[in-house]
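Peer 1: coords below, sequence missing:
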DNA sequence: TAGGATCCACTGGTGGATCCGT
DNA sequence: ACGGATCCACCAGTGGATCCTA
C-alpha cells in the first residue's frame, strides 16, 4: 500500500467518533433536512471532508491514487442496514464486457470504507464516524465477485434481461437504479430486438460488506 | 399547406409590429439583461408565445405539424444581421448520412420565419415583430442545399475535417457550435484514428435567408 | 427483509442564437 | 463581413445512496 493511500486513511481516522453534523459544519456544509430528500448528502459531506477530487465523469473518487470512497451505515450491532451501490450496468454492450477490464472491478479495486454508526436509531447528522478500512479484494474475493459479474453479464448478453433480478449473485447483485419509475433505457431482447427497460446498477449485499468490515479477507456464505 | 400550419402562421401574424418586450410581458416572461448573456432569449420568448411544444430531444418545435420556428434579426434595410443556426453536425457517422434522411433536411422541410426589426440599432427587447413567412424549400433550393450537405459530409466521411471551414457551402456552411473553446467532441482522422475537435453545426448564410424572406423561391448567387 | 422504487446535486450536451476580432 | 468563439436555459444522465412495501 503506498504512502498516499496511507495518508488518506489517516485523514479518515482523524474523523472517528465525530458526528456527521460536526464534520459538515467544519467545512461550511449544512447537515439536515428530510431523510427522503437528502439520501446522498452524508456521502457528499464525507467526500468533501476527505478531499475527493474526482468530480463527475470519473472512475474513482481519488483518481490519483485509485481509491473509491464508500460511506456505509451500520446499526448498533455493527451490521450494515443497506446494500452498497457500486456503479451502473451497461445493458447494450454486455457481450464485450469482461471482468478484468470492467468498470465495477475498477471501482472495487481499492475502497476506503467509512462506517457511520447508529444508523438504525439516529437521523444521519447525529451518526458518528466509525473505524475506516482501506480494502482491496483478496484473490479469492475477486474470484467470487467475478462469478457474480459473469452470471449477470452472460444473461444480459443473450437478451434474457427479464431473468436478471436482485435474487441473483452471491455477494454482488443487480437492482434498478433510477430517479423514478418512469426512467427508461434500452437493452437487447432474446431475438436481438431493442427493448425498453429500467436502468440498473451493481450493488454489494450487506451480508458481504458487513463481513469484510469485520474481516477484510472474509468469504461469507 | 394544411390547416394547422395556417393557424400557426395566423398566430405569428397577430404578433406583427409588437415589441419583443410586450410579447414577453404578456406571457409573464422577463425581457432584458446583458445582450451577451441573453443571446437565446428572444427565440425562447417567441417559442413560448407561439406555443412551441417540442421541448428538448425534439426534431421540430411543433412536432405535430412538422414546423421549425426560426427567429431572424433584420437591420433597417431588411437584411439579416446574422447567419441562422440549424442543427448539430454528427461527426462520427458521416459515412452513413444521406441528405434525404438527414436531420438538417428535416429541420428545413418547413420553417416559420419570424423576423425581428431594427436589430442593428435596438436592444432586442425593443425590436418589433415583422411579417412572418411559412417556407418550404423549392425542389431547386433543396438541390442546392443537398449539394452543400454532400460536400461537408463527404469531407468528414474521409477524415478530412481540417478542411471543413466556414468558407465551404453556397447557402449552408458549417461552423463551431459550443459553449466555449474548451468543449471537445470526437471525429475520425484520415487514417481512421479518433481525434478530438470542436463540435460543429450547420448554419444558413445571411445571403440566403435574406433572399428567401424577400422571395421564398429565391436562388441567390 | 430485501427486492424494487425513488430522491437530490451536479454536470455535460443540446437548442436557443449572437458576439467580436481580424 | 464573416469565420471562429462564445453565452444561457434546460434537461437527461450519473453519482451520492436510502426509502418503503409486500
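Peer 2: Right, received. Where do you want to start? Remember, predicted model here, so these are calculated numbers, not experimental data.

Peer 1: what segments of chain A are strands?
Peer 2: For chain A, the strands defined by DSSP state E occupy A:68-74, A:84-88, A:111-117, A:128-129, A:133-135, A:172-176, A:185-188, A:194-197, A:200-204.

Peer 1: just send these back as CSV, with distance to DNA strand C, mean pLDDT and mean neighbour count too.
Peer 2: (Glycine included, C-beta is placed from N, CA and C.) Formatted as CSV, these follow (distance: least, CB to the nearest atom of the strand, whole Å; pLDDT from 0 to 100; neighbours: other CB atoms under 10 Å in any protein chain shown):
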stretch, distance to DNA strand C, mean pLDDT, mean neighbour count
strand A:68-74, 13, 96, 22
strand A:84-88, 8, 95, 18
strand A:111-117, 17, 97, 22
strand A:128-129, 21, 96, 20
strand A:133-135, 22, 97, 18
strand A:172-176, 4, 96, 19
strand A:185-188, 12, 90, 17
strand A:194-197, 10, 88, 12
strand A:200-204, 8, 96, 22
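
Peer 1: closest to residue B:29 out of the ones you listed?
Peer 2: Of all those, strand A:185-188 sits nearest to residue B:29, with 34.5 Å by CB to CB.

Peer 1: tell me which residue of chain A is furthest from the middle?
Peer 2: Relative to the centre of chain A, and counting by CA atoms, centre = their mean, the farthest-placed residue is residue A:191 at 32.9 Å.

Peer 1: coming back round to it: could the strands of chain A go into TSV alongside distance to residue A:212?
Peer 2: Shown next, in TSV, are the strands of chain A (distance: least, CB to CB, whole Å):
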stretch	distance to residue A:212
strand A:68-74	10
strand A:84-88	11
strand A:111-117	8
strand A:128-129	18
strand A:133-135	6
strand A:172-176	12
strand A:185-188	31
strand A:194-197	31
strand A:200-204	9
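
Peer 1: so what's the backbone phi/psi at the residue farthest from the centre of chain A?
Peer 2: With angles defined as degrees, to the nearest 10, residue A:191 sits at phi -100, psi 20.

Peer 1: apart from its neighbours in sequence, what residue is nearest it?
Peer 2: residue A:159 (7.0 Å; CB to CB, 6 or more residues apart in numbering or on different chains).

Peer 1: for residue A:198, see how far away whatever residue of chain A ends up closest to DNA strand C is.
Peer 2: Residue of chain A nearest DNA strand C, by CB to the nearest atom of the strand: residue A:181 (2.1 Å). From residue A:181 across to residue A:198, the span is 8 Å (CB to CB, to the nearest Å).

Peer 1: and residue A:25, by the same measure?
Peer 2: 38 Å.

Peer 1: list the helices and strands the helix of greatest length in chain A packs on?
Peer 2: Using DSSP state H, we find that the single longest helix of chain A is helix A:139-157. Here helix A:139-157 touches helix A:103-108, strand A:172-176, going by 3 or more CB pairs under 8 Å, 6 or more residues apart in numbering or on different chains; DSSP states H and E.
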